[in-house]
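Participant: Give me a 3D structure for the following:
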Amino acid sequence: MSAIPTFTNNPVDVDVFVQKTKMIWCEEIGNISSHALETTWAQNANAMNCVVRNNIAGRRPIKHVIAAPTGSGKTLSTIIYCSMLEKDIKVLVVTKLIREAERLAAEINVRSADDRALAVFGHSTISQDEILHAQVLICTHQMYYKHHSKEHWVYSDHRSLIIIDEALETIEQHYITSVELDDVIRQVEYLSIELGTDKIKNAYEVLMQFSNKIKSSPEGKSFNLVMNFSNEVVDLLAEGSFDAVITEIQRDAYYPIGIARSSSRAVRKNSIRDFKEITLIKVLGLVSRSNNFTVYANDKNIFFVNEVPHRHSLIVFDATGDVARSYEIRSDHRRDVRIVPKIENTRRYDHVTIKIATTLTGASHFRDIEKIENIISNVEFGQRTLFVVHKDNKHVTKMNKSQEPFTEALAKYGYKKTYGKRPEDVYEYANLDTGQILSITHWGNITGLNDWSDYDTCVLFGLFHKPLNVARDQAISCTNVYFAFDDANQMELDKSIESSELLAEVVQAINRIRVRKTIDQNGNCDAANIYVMLDFHGVEEMVEKLRSSMPGCSISDWDGVKVNKKSAQRKDYFAEIIKPYLINEKSSIKSSDLVKMVYGEITPRAKNRVKEILKKNAQEIASLGYHMLEERIYSGRRPALELFLICVVDDTFFL
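Facilitator: Residues are numbered from 1 along each chain as shown. The predicted model follows:
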């Protein structure tokens, strides 16, 4: 982390900025200021001034991540800063929701006493000319991601400041199979012989160069590959060689090679359609763009990982910026991220109680009514309570389903579903006798939302586990390096990023309720009760980081929540070893199968696939496992892990 330099003759005077922010913070919003808060606001203004100056001077792009805590006035800083700018400095602000974009535009226009801010989103009727000439343009995350590389308005040279409010998912990942690539190459080779046109021949040359690079890895091992096509090949791509291939193959006259003519007509028709409309487009599209990706491969699949490029320096307001490991890793390896540190004592949580239960946290463990009833029975409902559940468990709250565990369980406590106005993907219940309100939303639908800012209780059902490849893709994006799958360093890096992402989501969820509002000069908030569920693996580290993120909070055990410790521990050590190979194989095996196979409860097809993976990689898995034992980087029971490794080496795991 490094401090932001302070300039003279800033685009915005920092002292005036702080005074204006303080006046609005105290007199209009009704909050209480402090020296730490005012220092934070000054730091925000300095960071934005720094970005404006860097972009005007054309310096190397740097992403400034401002990790100021929730409730410290980050959004207000954006509004005040944009309203104070001179007319010749243009800004792009990216926020999560349409309604937030509209609110920011309205607030900036009121503060500046002109119409400098314009909110634009997918279905708006604003003209391109209005967009280009707006001094402060505000769009949603989705629109920014969709148009960042296509539309002039996003990276116009006239926009000296880009502000992203809350973290934006910027990693793009795709994969193709080796079989798909070979099928397309055979088809293009056939066309180059049949037609003999320069464009078709050029396309075949590009595909062969790509294929040769992929196959040049030693002994078929996984490896790092950043594609660097020759200038001649890049020119061939620019000439539209692949467009010519697609046009020719999609003509009805050409019959894709590899589809047996003896197949039934229906099967043949579907196979031809899938090849022409899906496989062909996917393979040629990714190969043509491979210079823009980090590409890595194994003997079955080819993976393409990319991050949305930033051509300008920018500001990212992310309250979990000091928690998410990806920023730190990227800062160390690529040096294009600067983490602006939190000012000490900006916030305190002396009146917040966090109760923690150690249990299984995946979505599948919260579909049973008995489990839900057990959790709810150990919650002390507040006047307003927020439940955060897994998205694929939302069916338990929908009225058109016969089974409604949440509705049924809450009915025992006097709660009935209400039909008043509510945010999208949120279900509301009310206790008509006591006046208590309860809302249910899902993971992935909470970051940056202020809809529950007056709620006093929050219950987090499980954790927001993302797909297995997400942490690895982030590691690749942060380091521009792909470590071999059998490298323990890669595994430790993946787990570190995965753990930090889980913690960041927990902190984001907790800060949706009234802990975000300060009530005294120490930065405290009103009393709040938080209920959190954490995995067995790394729970001590997670608790300490949570305590560090919310200084002053009281953390205690959440008693009464039932858990199968034995199952959880068995899953932990097994998952640590097998997960990298599941990612490697892009197999259809689910995480839940990891537990099932320990007890022999696994389908024959999945069992054979896992057995094949274990047998093929037995020595590598054993080497990794014994490294874990030696360095003590595992969870669960040591004898069970040792027995598992012996069975893998002896090929007796499923006997």
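Participant: need the helices for the stretch 151-300 of the chain, in chain order.
Facilitator: Secondary structure of the stretch 151-300 of the chain, counting by DSSP state H, counting those that start in this stretch: helices at 178-195, 198-215, 231-238, 241-249, 265-274, 280-288.
Participant: per-stretch mean pLDDT over these, give me the minimum one.
Facilitator: Comparing mean pLDDT over the helices of the stretch 151-300 of the chain, the weakest stretch is helix 231-238, at a mean of 58.
Participant: could I get the helices of the stretch 151-300 of the chain as TSV with distance to residue 391 and mean neighbour count?
Facilitator: In short, each C-beta sits where N, CA and C put it, glycine included. Listed next are the helices of the stretch 151-300 of the chain as TSV, based on distance: least, C-beta to C-beta, whole Å; neighbours: other C-beta atoms under 10 Å:
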stretch	distance to residue 391	mean neighbour count
helix 178-195	30	18
helix 198-215	35	19
helix 231-238	39	14
helix 241-249	36	19
helix 265-274	29	12
helix 280-288	26	20
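Participant: would you turn these into a markdown table with distance to residue 463?
Facilitator: Below are the helices of the stretch 151-300 of the chain laid out as a markdown table (distance: least, C-beta to C-beta, whole Å):
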| stretch | distance to residue 463 |
| --- | --- |
| helix 178-195 | 34 |
| helix 198-215 | 36 |
| helix 231-238 | 43 |
| helix 241-249 | 42 |
| helix 265-274 | 37 |
| helix 280-288 | 32 |
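Participant: Figure out which of those is closest to residue 324.
Facilitator: helix 280-288 (28.0 Å; C-beta to C-beta).
Participant: Tell me the first helix or strand C-terminal of the helix or strand where residue 40 lies.
Facilitator: If you go by DSSP states H and E, residue 40 is part of helix 35-57. Following helix 35-57 in sequence order, the next helix or strand is strand 63-66 (DSSP H and E).
Participant: Which strands or helices does that next one pack on?
Facilitator: Here strand 63-66 is seen to pack against helix 35-57, strand 314-317, strand 337-340 when contacts are counted using 3 or more C-beta pairs under 8 Å, 6 or more residues apart in numbering; DSSP states H and E.
Participant: Give me the sheet partners of that strand and which way each runs.
Facilitator: Sheet pairing of strand 63-66 (DSSP bridges) gives strand 314-317 (parallel), strand 337-340 (parallel).
Participant: Please put the alpha-carbon coordinates of the last one into CSV.
Facilitator: It refers to strand 337-340. What follows is strand 337-340 as a C-alpha-only set of coordinates in CSV (Å, rounded to 0.1, in the frame of the first residue of the first chain):
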residue,chain,number,x,y,z
VAL,A,337,-2.7,-1.2,-8.8
ARG,A,338,-2.3,1.1,-5.8
ILE,A,339,-4.2,0.3,-2.7
VAL,A,340,-5.1,3.5,-0.8
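Participant: Looking at the helices of the stretch 151-300 of the chain, spot the one closest to residue 559.
Facilitator: Counting by C-beta to C-beta, and looking across all of the helices of the stretch 151-300 of the chain, nearest comes helix 280-288 at 51.6 Å.
Participant: returning to what we had before: in the helix holding residue 40, which residues are buried?
Facilitator: Buried residues in helix 35-57, counted by 16 or more other C-beta atoms under 10 Å: 36-38, 40-55.
Participant: Remind me what it packs against, helices and strands.
Facilitator: helix 14-23, strand 63-66, helix 74-84, strand 159-165, strand 314-317.
Participant: One more pass at 6 Å, please.
Facilitator: On a contact count with 3 or more C-beta pairs under 6 Å, 6 or more residues apart in numbering; DSSP states H and E, helix 35-57 meets helix 14-23, strand 159-165.
Participant: Dihedrals phi and psi, residue 380?
Facilitator: phi -90, psi 100 (degrees, to the nearest 10).
Participant: Next, count neighbours for it.
Facilitator: 10 (other C-beta atoms under 10 Å).
Participant: And it, how far from residue 366?
Facilitator: Using C-beta to C-beta, to the nearest Å, we find residue 380 at a distance of 20 Å from residue 366.
Participant: Kindly report the same for residue 285.
Facilitator: Shown here: residue 285 relative to residue 366, a distance of 38 Å by C-beta to C-beta.
Participant: try residue 33
Facilitator: Going from residue 33 to residue 366 by C-beta to C-beta gives 42 Å.
Participant: more crowded one of the two?
Facilitator: Neighbours per residue, other C-beta under 10 Å: of residue 33 and residue 366, the larger number sits with residue 366, 21 against 18.
Participant: Look up the closest residue to that one, ignoring the ones flanking it.
Facilitator: residue 461 (5.1 Å; C-beta to C-beta, 6 or more residues apart in numbering).
Participant: Verify the stated contact: that neighbour with residue 389.
Facilitator: Yes: the criterion here is C-beta atoms under 6 Å, and residue 461 meets it with residue 389 at 4.5 Å.
Participant: Sounds good, over and out.
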